[in-house]
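Visitor: predicted structure and sequence below. I'll ask about it afterward.
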Amino acid sequence: MYKVNDTVLYGNEGICQIENIIERKLTNQSIEYYVLKPVYKDNATVYVPTQNQDLVKKMKKLLSYDEIMDLIQNMPDCPVDWIENDNQRKEKYREIIRSGDHKQLIQMVKTLYHHKKSLEKTGKKFHVSDEKFMKEAENILYEEFAYVLNIKKEEVIPFICQCIEEKAS
């Protein structure tokens with residue numbers, strides 16, 4: 001069970017602070033809720049019933065500093081695995097986004113980035129759906145990295161590049 005002031009990832013809301021745990025009475029039944037305040041979205045509040053396991057499963061602890069640094073150090077070794085079939089690729093990327101698996105998100109971003117660059121060389125356009133998946137995965141990763149590393153979101157890419165360069169030298 002989570003506590004007040006814990007910081008979690010919650011579905012599409014991103015990073016949230018548990019502001020409170022309250023009880024509300026609905027139809028003569030008392031229901032306990034986590035009150036989540038998204039860190040990067042002003043004026044938003046999310047209520048998660050503590051007894052609804054499907055919704056509570058969407059709440060995940062943030063990675064630690066060491067876990068993020070480990071992910072960054074291993075980025076160069078992450079394979080690029082392009083899926084030719086558009087429908088299979090979309091389904092796979094939806095699964096990855098839903099799962100929130102950091103390694104898979106990184107692999108997805110890296111694969112899409114390499115594919116985009118190869119298309120640009122041949123003068124072809126990047127699929128709009130691939131662009132959408134790449135932005136969504138980047139947002140999930142960069143928001144958490146920025147929060148845990150105590151940097152701005154726009155500083156995440158330079159930070160990652162610097163870490164990778166230092167490892168290579």
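Guide: Thanks, I have the structure now. Numbers count the residues shown, from 1 in each chain.

Visitor: show me the contacts for the residue nearest to the spatial centre of the chain.
Guide: The residue lying closest to the centre of the chain (C-alpha atoms, centre = their mean) is residue 140, at 2.4 Å. Residues counted as contacts of residue 140 (C-beta atoms under 8 Å, 6 or more residues apart in numbering) are 9, 14, 97, 100, 105. C-beta coordinates here come from the backbone N, C-alpha and C atoms, glycine included.

Visitor: residue 26 versus that one, what's the distance?
Guide: Here residue 140 is placed at a distance of 32 Å from residue 26 (C-beta to C-beta, to the nearest Å).

Visitor: same deal with residue 64?
Guide: From residue 64 to residue 26 the distance is 37 Å (C-beta to C-beta).

Visitor: restricted to helices, list the contacts of residue 140.
Guide: Secondary structure defined by DSSP state H assigns 97, 105 of the contacts of residue 140 to helices.

Visitor: neighbour-wise, which one of the contacts of residue 140 leads?
Guide: Tallying neighbours with other C-beta atoms under 10 Å puts residue 105 at the head of these, with 21 neighbours.

Visitor: show the contacting residues for it.
Guide: Applying C-beta under 8 Å, 6+ apart, we find residue 105 in contact with 96, 97, 137, 140, 141.

Visitor: recalculate using a threshold of 6 Å.
Guide: Contacts for residue 105 were tallied using C-beta atoms under 6 Å, 6 or more residues apart in numbering; they are 137, 141.

Visitor: tell me the helix or strand right after the lengthiest strand in the chain.
Guide: For the chain, the longest strand by residue count, based on DSSP state E, is strand 14-26. Of the helices and strands lying after strand 14-26 in sequence (DSSP states H and E), the nearest is strand 29-38.

Visitor: in this structure, which spans are helices?
Guide: 53-56, 65-74, 86-99, 102-121, 128-149, 156-168.

Visitor: so which of those is nearest residue 40?
Guide: helix 128-149 (6.2 Å; C-beta to C-beta).

Visitor: mind checking how far the residue of the chain most remote from its centre is from residue 21?
Guide: In the chain, the residue that sits farthest from the middle, by C-alpha atoms, centre = their mean, is residue 28; the gap is 37.5 Å. To residue 21, residue 28 is 21 Å away according to C-beta to C-beta.

Visitor: what's the answer for residue 92, then?
Guide: Distance from residue 92 to residue 21, by C-beta to C-beta: 36 Å.
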